[in-house]
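Chemist: Structure of the sequence below:
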Amino acid sequence: MSYVAPKDFAIRMVDAGQAKALMSTRDTFVRAYMAGAILALAAAFAVTVSVQTGQPLVGAVLFPVGFCMLYLLGFDLLTGVFTLVPLAWLDKRPGVTGAAVLRNWGLVFLGNFAGALTTALLMAIVFTYGFSGPPSEVGQAIGVIGEGRTVGYAEHGAAGMLTLFVRGVLCNWMVSTGVVGAMMSDSLPGKVIAMWMPIMVFFYMGFEHSVVNMFLFPIGLMLGGDFTIGDYLLWNELPTVLGNLVGGLLFVGLVIYLTHLRTSPERALR
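Modeler: Numbering: from 1, shown residues only. Down below sits the predicted model:
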């Protein structure tokens, strides 16, 4: 599968972070928009499969198709730039400042949200025949997801917020491993296999992905879910974003950067 050694794909990670930080506003936003739209469609697909088969594992096995498509097309998710772009800043790459990192994150967030919201509106039309009737079985299931993963956390107070944050951390540990997986091989099958495995894990385990949630919760509100925009922001999106940042940067980006690119001196032979 044309495997790339860790030291080599660590360099690719930093190179990618620099390229994303220096990308134009237009290209950053468009690529983020498409990434959010495609990932949202994959989430709708996975929920549809899970509901129709009664087997959540089947939906989890198939969900990574969207992630693979968007990364092979060169689009960007917030979870990925959380991990890659700061490495270029740490490596002191030319032009990559703290402000450039924050600019990239902000543009990708907005692009992902706009793309996911577009797909949410389109799928809400599909699930309700143009809002002319009640949601389909899949639409009803999506509305319940929105309720359980907002007010469901709120019912547990601080413990619920901690659980939400930790699920965000665990999510981007896996998702960013998938992002790096695309750099582990120079062949198309190798890239897909390396991306597929960790994405399947995150989805089946019910971890919290900020961009997937940009689809699930707005469409849940469109389909009559019993929660508010405030519930969504406070009891899901914002803590999930913070958890995704910590999980991707701490457990993937920094670990690989420090142990494969900025290694400590080898111990001397005695």
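
Chemist: Would you mind confirming that M161 makes contact with G152?
Modeler: No. Checked against C-beta atoms under 8 Å, the pair M161 and G152 is beyond contact range at 11.9 Å. For glycine as for every other residue, the C-beta is placed from the backbone atoms N, C-alpha and C.

Chemist: Which residue of these two possesses the greater neighbour count?
Modeler: G152 (19 against 15; other C-beta atoms under 10 Å).

Chemist: What are the boundaries of the helices in the stretch 101-250 of the chain?
Modeler: Counting by DSSP state H, counting those that start in this stretch, one finds helices in the stretch 101-250 of the chain at the ranges 137-148, 151-154, 157-181, 188-205, 210-222, 229-232, 238-248.

Chemist: Check which residues of the third one are buried.
Modeler: By neighbour count on 16 or more other C-beta atoms under 10 Å, the buried set for helix 157-181 is 160, 164-181.

Chemist: Could you pull up the mean pLDDT of that helix?
Modeler: What helix 157-181 shows for mean pLDDT is 97.

Chemist: burial measure for the residue lying closest to F165 once chain neighbours are set aside, as a count.
Modeler: Ranked by C-beta to C-beta, 6 or more residues apart in numbering and with sequence neighbours excluded, the top spatial neighbour of F165 is G243, at 4.5 Å. Counted with other C-beta under 10 Å, residues neighbouring G243 total 25.

Chemist: can you check M197 too?
Modeler: Other residues near M197 come to 13 when the count uses other C-beta under 10 Å.

Chemist: cool, and I145?
Modeler: As a burial measure, the neighbour count of I145 was computed by other C-beta under 10 Å and equals 19.

Chemist: Which residues are in contact with the nearest residue to V30 once chain neighbours are set aside?
Modeler: The shortest distance from V30 to any non-neighbouring residue, by C-beta to C-beta, 6+ apart, is to G111 (7.1 Å). G111 sits next to 28-33, 35-36, 76 when contact means C-beta atoms under 8 Å, 6 or more residues apart in numbering.

Chemist: got it, and A141?
Modeler: Counting by C-beta under 8 Å, 6+ apart, A141 makes contact with 47, 50-51.

Chemist: Perfect, that will be all.
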